[in-house]
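Colleague: Got a predicted structure plus its sequence, pasted below:
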2 protein chains.
Amino acid sequence: MTEPLTIWTYDWVPGGKSGPRGFVRDLRLRWACEEAGLDYDVRSVSFHHRGAEHFARQPFGQVPFLEDGDINVFESGACLLYLARKSETLMPRDRKGEAETLEWTIAALNSIEMVTVPWWFIGLSKGAENPLEGWVLQRLTHLEAVLAEREWLAAGRFTVADLLMADVLRVPKVKAAGDFPALKSYVERICARPAFKRAHDGQMAHFAQADPQS
Amino acid sequence: MTEPLTIWTYDWVPGGKSGPRGFVRDLRLRWACEEAGLDYDVRSVSFHHRGAEHFARQPFGQVPFLEDGDINVFESGACLLYLARKSETLMPRDRKGEAETLEWTIAALNSIEMVTVPWWFIGLSKGAENPLEGWVLQRLTHLEAVLAEREWLAAGRFTVADLLMADVLRVPKVKAAGDFPALKSYVERICARPAFKRAHDGQMAHFAQADPQS
């Protein structure tokens, strides 16, 4: 008996042009499950009222988190690496391929997103110069050099590292950060995968369902 | 025949009060090897001249990176998870313990360090208010609540997640961010481990060796 995985996300998030719909990180987990053919349910915690039960599962009051029988995992990056252990579609099984997938997954989190997310956050309050601008451009320039030479980040094939890196890079502000043709074509290519579309549609439908009927 | 692991770091970094000596991230790898009893050598790349060979190993021109026979791994977080697969001292072998170690390792990188490092970076240019101040305090407050209730982050025992989180939190500016008694005592406790001292002494000696004789 294989129980389906449960992906937990918010019951609702703001919509509209600047709302996070389509970018909430449950999408990463949906996408990985869609790629790997893993069954999953989606369940919700309240966006407006984050209580003790939520913090017990996600110590920073965020989403997503993943439930797999008696195992619970928070942090989207950790969930992706956890899911990657379940399916070779997400990560090769040879030592070298696994090491490459691991290093690029962490690079997406700790070399790219560590700069792009605070930079995006600071940019929300318009006005002053963004003190992280130069750092973002430097990191994207380095990544551009890598992706100008290869189709996939790790192991010569699609892995969970591409899924995560593309999700980090597809944020509109990051896409508009500068002229990076290899990054642009990489994001288009990875996000053209049918599993991304199913995950994205699933998230949009989930949040739309919670809107008051008009 | 087990070849020792090779940890690559810079040949030199600035010393003095604000220099990074004692905080360069090769320390994380040294520390993990010391905990696990894994043999390692330390080798250097030039701090001043970062050439194509360096970027081929570390696409962002940083250190550390790890060499294990024909396997190369960059990103300190990825290296730690790679080493954790070699030794139960760094990560338990049961599914639940492993999942907890993984989620807290990623939390250190992507929920705490993702905020503390850009915040520290912005703080280097004194003057304006730091736009990440509130976010740092919020994250540390959540982590304080966790560490007020438990001794270790994952699996009820020391893991590589504690090693990494303590290394993220021991940065002087982070330690001075606010009044967080549980974080303070956690960092003191984890950094009191003899393996930390050996790793720290090793890094300090490595960089001192490169200084011109006075």
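Modeller: Looks like it came in fine.

Colleague: Give the rounded mean pLDDT of stretch A:113-123.
Modeller: When pLDDT is averaged along stretch A:113-123, the result is 94.

Colleague: Just the CA trace of that stretch, in CSV.
Modeller: Once side chains and other backbone atoms are set aside, the C-alpha atoms of stretch A:113-123 remain, and they are given as CSV (Å, rounded to 0.1, in the frame of the first residue of the first chain):
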residue,chain,number,x,y,z
GLU,A,113,18.4,32.5,-4.6
MET,A,114,20.3,33.7,-1.6
VAL,A,115,21.0,36.9,-3.6
THR,A,116,18.0,37.1,-5.9
VAL,A,117,15.3,36.8,-3.2
PRO,A,118,16.7,39.5,-0.8
TRP,A,119,17.3,41.7,-3.9
TRP,A,120,13.7,41.2,-5.0
PHE,A,121,12.5,41.9,-1.5
ILE,A,122,14.4,45.2,-1.2
GLY,A,123,13.2,46.2,-4.7
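
Colleague: which parts of it are buried?
Modeller: Neighbour counts over stretch A:113-123 (16 or more other C-beta atoms under 10 Å in any protein chain shown) mark A:113-122 as buried. No exception for glycine: its C-beta is placed from N, CA and C like everyone else's.

Colleague: so where does A:Val42 fall, helix or strand?
Modeller: Secondary structure here is read from DSSP states H and E; on that basis A:Val42 sits in strand A:40-45.

Colleague: so where is chain A shaky, pLDDT-wise?
Modeller: Applying pLDDT under 70 to chain A picks out residues A:1, A:126-128, A:213-214.

Colleague: So the spatially most central residue of chain A: helix, strand or coil?
Modeller: Against the mean C-alpha coordinate of chain A, by C-alpha atoms, centre = their mean, the closest residue is A:Arg28 at 4.1 Å. A:Arg28 falls in the helix class when you classify it by DSSP: H, G, I helix; E, B strand; the rest coil.

Colleague: Find the nearest non-adjacent residue to it, please.
Modeller: For A:Arg28, the nearest residue in space outside its immediate sequence neighbours is A:Ser76; the separation is 4.7 Å by C-beta to C-beta, 6 or more residues apart in numbering or on different chains.

Colleague: next one: A:Ala195
Modeller: For A:Ala195, the nearest residue in space outside its immediate sequence neighbours is A:Glu34; the separation is 3.6 Å by C-beta to C-beta, 6+ apart.

Colleague: Doesn't the one you found lie inside a strand?
Modeller: No. According to three-state DSSP, the state of A:Glu34 is helix, so it is not within a strand.

Colleague: Let me know whether it touches A:Arg198 as I believe.
Modeller: Yes. Taking C-beta atoms under 8 Å as the contact criterion, A:Glu34 and A:Arg198 are neighbours in contact, 4.8 Å apart.

Colleague: These two: who's more crowded?
Modeller: Neighbour totals were compared for A:Glu34 and A:Arg198, and A:Glu34 leads with 20 against 15 (other C-beta atoms under 10 Å in any protein chain shown).

Colleague: wait, what's in contact with the residue nearest to A:Ala195?
Modeller: The contact partners of A:Glu34, by C-beta atoms under 8 Å, 6 or more residues apart in numbering or on different chains, come to A:194-196, A:198-199.

Colleague: can you confirm A:Thr105 is in a helix?
Modeller: Yes. Counting by three-state DSSP, A:Thr105 is located in a helix.

Colleague: ok, it touching A:Asp162?
Modeller: No. With contact defined as C-beta under 8 Å, A:Thr105 does not reach A:Asp162; the gap is 9.4 Å.

Colleague: Convert the helix or strand containing A:Gly97 to PDB, retaining C-alpha atoms only.
Modeller: Element membership for A:Gly97 (DSSP H and E) is helix A:95-107. Output in PDB follows, covering the C-alpha atoms of helix A:95-107 (Å, rounded to 0.1, in the frame of the first residue of the first chain):
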ATOM      1  CA  ARG A  95      27.800   8.600  -7.400                       C
ATOM      2  CA  LYS A  96      29.000  11.300  -9.800                       C
ATOM      3  CA  GLY A  97      25.600  12.200 -11.200                       C
ATOM      4  CA  GLU A  98      24.100  12.300  -7.700                       C
ATOM      5  CA  ALA A  99      26.900  14.600  -6.500                       C
ATOM      6  CA  GLU A 100      26.400  17.000  -9.500                       C
ATOM      7  CA  THR A 101      22.700  17.100  -8.900                       C
ATOM      8  CA  LEU A 102      23.300  17.800  -5.200                       C
ATOM      9  CA  GLU A 103      25.800  20.600  -5.800                       C
ATOM     10  CA  TRP A 104      23.600  22.400  -8.400                       C
ATOM     11  CA  THR A 105      20.500  22.100  -6.200                       C
ATOM     12  CA  ILE A 106      22.300  23.700  -3.400                       C
ATOM     13  CA  ALA A 107      23.800  26.300  -5.800                       C
END
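
Colleague: Buried residues, that helix. List them.
Modeller: Buried residues in helix A:95-107, defined by neighbour count with 16+ other C-beta under 10 Å: A:97-107.

Colleague: One more: stretch A:86-97?
Modeller: Neighbour-count burial for stretch A:86-97 flags A:89-92, A:97 (criterion: 16+ other C-beta under 10 Å).

Colleague: wait, which of those is closest to chain B?
Modeller: A:Gly97 (10.1 Å; C-beta to the nearest C-beta).

Colleague: Grab the nearest non-local neighbour of the closest one.
Modeller: Taking C-beta to C-beta, 6+ apart, and ignoring the residues beside it in sequence, A:Gly97 has A:Ala155 as its nearest neighbour in space, at 3.8 Å.

Colleague: Pull the residues that contact stretch A:56-72.
Modeller: With C-beta under 8 Å, 6+ apart as the criterion, stretch A:56-72 contacts A:3, A:5-10, A:24-26, A:28-29, A:45, A:50, A:54-55, A:73-74, A:76, A:79, A:82-83, B:95-96, B:99, B:107, B:111, B:139, B:142-143, B:145-146.

Colleague: Among those residues, which lie within helices?
Modeller: Using DSSP state H, the members of these that fall within helices are A:26, A:28-29, A:54-55, A:76, A:79, A:82-83, B:95-96, B:99, B:107, B:139, B:142-143, B:145-146.

Colleague: picking that back up, how about the buried residues of stretch A:86-97, which pair is most distant?
Modeller: Taking C-beta to C-beta as the measure, those reach their widest spread between A:Thr89 and A:Gly97, a distance of 12.5 Å.

Colleague: Can you pull the domain assignment for chain A?
Modeller: Domain ranges of chain A: A:5-89+A:195-209, A:95-193, per automatic domain parsing.

Colleague: Could you tell me the end-to-end distance of stretch A:150-159?
Modeller: Counting by C-alpha to C-alpha, to the nearest Å, you get 14 Å between the two ends of stretch A:150-159.
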